[in-house]
Structure formats: C-alpha cells, structure tokens
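Colleague: Build me a structure from this.
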Amino acid sequence: MSMKPLVSICIPTYNGAGTLSRTLDAMVPQLSENIEIIINDDCSNDNTLNIAREYQAGFNTIKVFKNNKNLGMDKNFHKITQLASGKFIWFCGQDDLLGSGVIKQALKMVSNNNIGILNLNFSQYDHYMKTCLTESFFEESTFDKKLVQTSDELYFDTPDEYYSVYTQPPSFLPSVVMLREYWLTTDVKQFYGSYFVQVGVLLMNMHKHRIGVFNIPLIKGRIPNDQWQHDGSKLFAIMTGDLVAKNISFKL
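Modeller: Predicted structure coming up:
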C-alpha cells in the first residue's frame, strides 16, 4: 500500500491555459514521493483541462479533476482540499511560480517542529512576470525588518509571538502551507463569497500549533491583468474580501 503524501499542492483552475504549463514546469523538477499535485478545474472554457491531463499522463503524482458545474472561487478552493490526501494543503495559483528549492524547504520545515501553518515569503511581479513590484513581501509587512533579513527560518509558538514580528499573515495562495485537518474541521462555508476563504481558515486555526516562517522569497506571484480588474463591483469585492474574512474570524 502506497503511503499518503505529506503535502498536497492544490491548483484550483479556471481558464488558465495561458499560464498553467509554466506553473507546472516549475514544480515538476522538484517533485518527490512526499508530494502530490491536485488540479481541480472549475469548468474552464479554454484548453486548461487538456493541458492538465497531459501532465497527469506523464506524472503519477499529478491528479486532475473537473467540477460538474462552475462553483466559483471559494467553493472550488474548498472542494480541492477534499480531493487531496496529504497531511498538509499548499495552494498555488494557476499562474504563480514556485522557485527552485522551495518545495524541499517546505517539506523540511513541516516534517518536524509541530508546525500547523508555514508561511513562505514571496515576490510580486506584473502580468508578464518581467517587472518586480515587491521584492520581499515579508520585509514590507514586518515590525522588525532586520530580523526578517537575517533569519531564514523563524518559529512561533503562539499568534501573539507571530504578530510581534509580522503585521499580518499573508493572503497570497502559495505563501501558506497548512494542515489539511483545518479545512476538514472548520466551518469553511461561512467564508464563501469573500474571495479569501483560505485566509479565514488560517486565522481560525493559527492558535492550534506552531507557526513556521521561511523568509527567503523563492515564490513569484503574478498580478494579472484579469477581467475582474475592469469590473468595478467585482474589483471592490475582491479588494475588501480579505477584510471580510478577517472580520468573520475575529468575531468568532
């Protein structure tokens, strides 16, 4: 009987044909027996699903699923955690890049240390992945820049300790690795519609185990020129969704 993977990298997709191959190409050389990649397509109307299945045919650690109907962002995020089998869930956007060595580093940190949540530093780029907009997110969101600049790994026993160094936990998908049990035991549906369901789950559970942080920005995030940025109402909803998820969590 094969062992369950330690980490499930979950990629919820929707019309990502233009970027998915590059995202997967960055992961494939880093794969090991402790990793699985779960792709769940939310009824794309482009070639996303075919691209995903081509990679599935070449790698038995890649598993591809498709929703029967379009669920939308938050519901698809929740659904993919139910399809995964790893002890930890690690989301990755269909257009983000996991840099060389970051998967090995993540596996090392979650293998021990009683970690429930691991935060990974990242840089942010424009739509074309050419212009760097933020070199180190954690340096921008910390009370102690020197500590972040000089310490590759940090560990915190409580949220209070974490917040004494960082102003906030990241909402960027590939920056957070967390125990899958958090998704299975949290009332995730209360965060539907916020566009930041993963932030709600993180905040509801960050007091349960130690929090690890890796400060070297080995992940590249893309700020895409998506259609939602030109839709005023949807842009507002997404920009405020992080606050909505945090507000629900803090009230609870």
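
Colleague: What are the boundaries of the strands in the stretch 1-150 of the chain?
Modeller: Secondary structure of the stretch 1-150 of the chain, counting by DSSP state E, counting those that start in this stretch: strands at 7-13, 35-41, 62-66, 88-91, 97-98, 115-125, 132-134.

Colleague: and what of the stretch 151-252 of the chain?
Modeller: Under DSSP E, counting those that start in this stretch, the stretch 151-252 of the chain gives strands at 153-156, 176-179, 210-222.

Colleague: between these, which gets nearest to Val102?
Modeller: Closest to Val102 of the strands of the stretch 151-252 of the chain is strand 210-222 (CB to CB; 3.9 Å). The C-beta positions use only the backbone N, C-alpha and C, and glycine is treated the same way.

Colleague: Listing request: residues of the stretch 101-250 of the chain with sub-threshold pLDDT.
Modeller: 225-250 (pLDDT under 70).

Colleague: residue boundaries of the helices in it?
Modeller: 102-111, 137-140, 145-150, 159-163, 180-185, 197-205, 232-251 (DSSP state H, counting those that start in this stretch).

Colleague: Tell me what Lys66 is bridged to.
Modeller: Listed beta-bridge partners, Lys66: Asp41 (assigned using DSSP bridges).

Colleague: Please apply the same query to Ile62.
Modeller: Under the criterion used (DSSP bridges), Ile62 bridges to Ile37.

Colleague: who are the neighbours in contact with it?
Modeller: Ile62 sits next to Leu24, Glu36, Ile37, Ile39, Ala52, Tyr55, Gln56 when contact means CB atoms under 8 Å, 6 or more residues apart in numbering.

Colleague: repeat for Asn113
Modeller: Tyr155, Arg210, Gly212.

Colleague: Now flag whichever of these is closest to Arg222.
Modeller: Set against Arg222, the nearest of the contacts of Asn113 by CB to CB is Gly212 (24.8 Å).

Colleague: So what's the residue count around that closest one?
Modeller: 24 (other CB atoms under 10 Å).

Colleague: That one reaches Leu120, doesn't it?
Modeller: No - contact criterion CB atoms under 8 Å: Gly212 and Leu120 do not qualify, at 9.1 Å.

Colleague: Reformat the contacts of Asn113 into a markdown table and put distance to Phe77 next to each item.
Modeller: As requested, those are exported to a markdown table (distance: CB to CB, whole Å):
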| residue | distance to Phe77 |
| --- | --- |
| Tyr155 | 27 |
| Arg210 | 24 |
| Gly212 | 22 |
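
Colleague: Grab the nearest non-local neighbour of Tyr182.
Modeller: Computed as CB to CB, 6 or more residues apart in numbering, the closest residue to Tyr182 that is not its neighbour in sequence is Asn205, at 4.2 Å.

Colleague: May I have the residues that are in contact with the one you found?
Modeller: Remark: with contacts taken as CB under 8 Å, 6+ apart, Asn205 is in contact with Gly116, Ile117, Met178, Leu179, Tyr182, Thr186.

Colleague: tell me the mean pLDDT over stretch 53-63?
Modeller: On average, the pLDDT along stretch 53-63 is 97.

Colleague: Keeping just the C-alphas, turn it into PDB.
Modeller: Coordinates of each C-alpha in stretch 53-63 appear next as PDB, following Å, rounded to 0.1, in the frame of the first residue of the first chain:
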ATOM      1  CA  ARG A  53      -4.400  16.000 -18.300                       C
ATOM      2  CA  GLU A  54      -1.300  16.000 -20.500                       C
ATOM      3  CA  TYR A  55       0.800  16.500 -17.400                       C
ATOM      4  CA  GLN A  56      -1.200  13.900 -15.500                       C
ATOM      5  CA  ALA A  57      -0.400  11.300 -18.200                       C
ATOM      6  CA  GLY A  58       3.300  12.000 -17.600                       C
ATOM      7  CA  PHE A  59       3.500  12.100 -13.800                       C
ATOM      8  CA  ASN A  60       1.600   9.700 -11.500                       C
ATOM      9  CA  THR A  61       1.900  12.300  -8.700                       C
ATOM     10  CA  ILE A  62      -0.400  14.700 -10.600                       C
ATOM     11  CA  LYS A  63      -4.100  14.100 -10.300                       C
END
